[in-house]
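J.: here is the input, now give the coordinates:
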Amino acid sequence: MIYERIVRPLLFALDPETAHHFALAFLRAAGPLLPKATEKTSPMSVFGLNFGHRIGLAAGLDKNGVALPAWEALGFSFVEIGTVTAQAQPGNPRPRIFRYPKEHALINRLGFNNDGAEVIANRLAELRDRGGWPGIPVGINIGKSRVTPIERAVEDFLFSFRKLRAQADYVALNVSSPNTPGLRELQGGQRLDELLRAINTERGDMPLLVKIAPDLEPAALGELISVCESNNISAIIATNTTLDHSAIAHDEEGGLSGAPLQKKSTAIIRQIANKTKIPIIGSGGIFDAVSAREKIEAGAKLLQVYTGFIYRGPKVIRELASL
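T.: This next block holds a predicted model:
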């Protein structure tokens, strides 16, 4: 109630990206002082990792891994940082985040702004050495550097994987952001197979996940699932943001997230579950127990929130943790 009545109006009075940085700075400073959440309301094991409940933080909110203790203290059962790229990059020009409160939605065209794999790997190692590492699984989401041509994408991903794997409980490959030119080509069967085979040569027992778009046609989705199966992918994250902006009256370029994505992402989850036994992490339009149960009933084992957390704050974690 405090968040929705006081904190959110204050944050929403600011430019979206300014509010994002302000909130993240606060959580970075406060995180080490907050008590760790220890309650395990619905413990489960998925792809070899243990989770206290289903609800995790999606990639994109803590791109550089600066506030890990805070996410555990807020009640998340796992956190995914990133997207991290091999090279540090500023992302696209501002403004690049847009709120649509009436539709409970966001559009972003950030473009993988992050500090780069080496800097982030060192930051995470220092946190671990200081004893500040959280007691929840930490996933690291990696993507292609913008300046890297698609023909060298495998090399780019491998650089990030090698730098970051020691600090990750799982690694997620982001081949589906709409804000890096050409990236979604990596969802195609041949390119995806090449990428996964290369990572598999160095993967060992690391859980490896693939994050996909909600805009895939059935044939393309079927091909993607087959490639994931043949490469022993640990889970599929469904889904990233959408390029379908039909629910937004005043449009901006970028990926749409939030309530308008709910049904579209659920439909993809259902299609995946009907084709494979690979575990699914559901993401897209999760705001309450109804939208969360929809994802679970469609076949998702775990759930990730992002826009729902921006609009509803920590309350949404508590509401969903018992599902």
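
J.: could you tell me the end-to-end distance of stretch 83-92?
T.: Terminal residues of stretch 83-92 lie 14 Å apart, using CA to CA, to the nearest Å.

J.: now do the strands in the stretch 51-200 of the chain.
T.: Using DSSP state E, counting those that start in this stretch, the strands of the stretch 51-200 of the chain run over 55-57, 78-84, 97-100, 105-108, 138-142, 170-174.

J.: tell me what angle the last one forms with strand 78-84.
T.: Taking axes from the mean of the first three to the mean of the last three CA atoms, to 10 degrees, one finds that strand 170-174 is oriented at 50 degrees with respect to strand 78-84.

J.: just checking: what are the partner strands of strand 170-174?
T.: Here strand 170-174 has these sheet partners by DSSP bridges: strand 138-142 (parallel), strand 208-212 (parallel).

J.: quick one on the thing from earlier: just send the strands of the stretch 51-200 of the chain back as CSV, with mean pLDDT, mean neighbour count and distance to L68 too.
T.: No exception for glycine: its C-beta is placed from N, CA and C like everyone else's. As requested, the strands of the stretch 51-200 of the chain are exported to CSV (pLDDT from 0 to 100; neighbours: other CB atoms under 10 Å; distance: least, CB to CB, whole Å):
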stretch, mean pLDDT, mean neighbour count, distance to L68
strand 55-57, 98, 26, 10
strand 78-84, 98, 28, 6
strand 97-100, 97, 20, 22
strand 105-108, 97, 24, 22
strand 138-142, 99, 26, 6
strand 170-174, 99, 25, 15
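
J.: tell me which of those strands lies nearest to L208.
T.: Closest to L208 of the strands of the stretch 51-200 of the chain, according to CB to CB: strand 170-174, at 5.7 Å.

J.: E252 touches Y100, doesn't it?
T.: No. Assessed by CB atoms under 8 Å, E252 is found out of contact with Y100, at 9.3 Å.

J.: any shared contact partners between those two?
T.: Overlap of the contact sets of E252 and Y100 (by CB atoms under 8 Å, 6 or more residues apart in numbering) consists of I107.

J.: for F287, which non-adjacent residue is closest in space?
T.: Distances taken as CB to CB, 6 or more residues apart in numbering place G308 nearest to F287, at 4.4 Å, with adjacent residues excluded.

J.: contacting residues for the one you found?
T.: Applying CB under 8 Å, 6+ apart, one finds that G308 lies in contact with G258, G285, I286, F287, D288, S291, V316.

J.: the strands paired with strand 170-174 into TSV, with extra columns for distance to I2?
T.: Listed next are the strands paired with strand 170-174 as TSV, based on distance: least, CB to CB, whole Å:
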stretch	distance to I2
strand 138-142	28
strand 208-212	32
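
J.: so for A220, which of those strands sits nearest?
T.: The minimum distance between A220 and these falls on strand 208-212, with 9.6 Å, by CB to CB.

J.: okay, and the helix or strand of this structure with the least pLDDT?
T.: Ranked by mean pLDDT, DSSP states H and E, the weakest helix or strand in the chain is helix 2, scoring a mean of 91.

J.: next one: that one to chain centre, how far?
T.: Chain-centre distance of helix 2: 26 Å, with CA atoms, centre = their mean, to the nearest Å.

J.: which is the next helix or strand following that helix?
T.: On the C-terminal side of helix 2, the nearest following helix or strand under DSSP states H and E is helix 8-12.

J.: got the buried residues for that next one?
T.: Residues of helix 8-12 classed as buried: R8, L11 (neighbour count, 16 or more other CB atoms under 10 Å).

J.: which residues does it contact?
T.: Taking CB under 8 Å, 6+ apart as the rule, helix 8-12 contacts A19, F22, A23, R99, P101, Y311, G313.

J.: with only the CA atoms kept, save stretch 25-35 in CSV.
T.: Coordinates of each C-alpha in stretch 25-35 appear next as CSV, following Å, rounded to 0.1, in the frame of the first residue of the first chain:
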residue,chain,number,x,y,z
ALA,A,25,20.6,3.5,-6.5
PHE,A,26,18.5,3.3,-3.4
LEU,A,27,18.3,-0.5,-3.5
ARG,A,28,22.0,-0.8,-4.1
ALA,A,29,22.7,1.3,-1.0
ALA,A,30,20.0,-0.3,1.2
GLY,A,31,20.3,-3.9,0.1
PRO,A,32,23.2,-4.9,2.4
LEU,A,33,21.3,-3.4,5.4
LEU,A,34,18.1,-5.3,4.7
PRO,A,35,17.4,-8.7,6.3
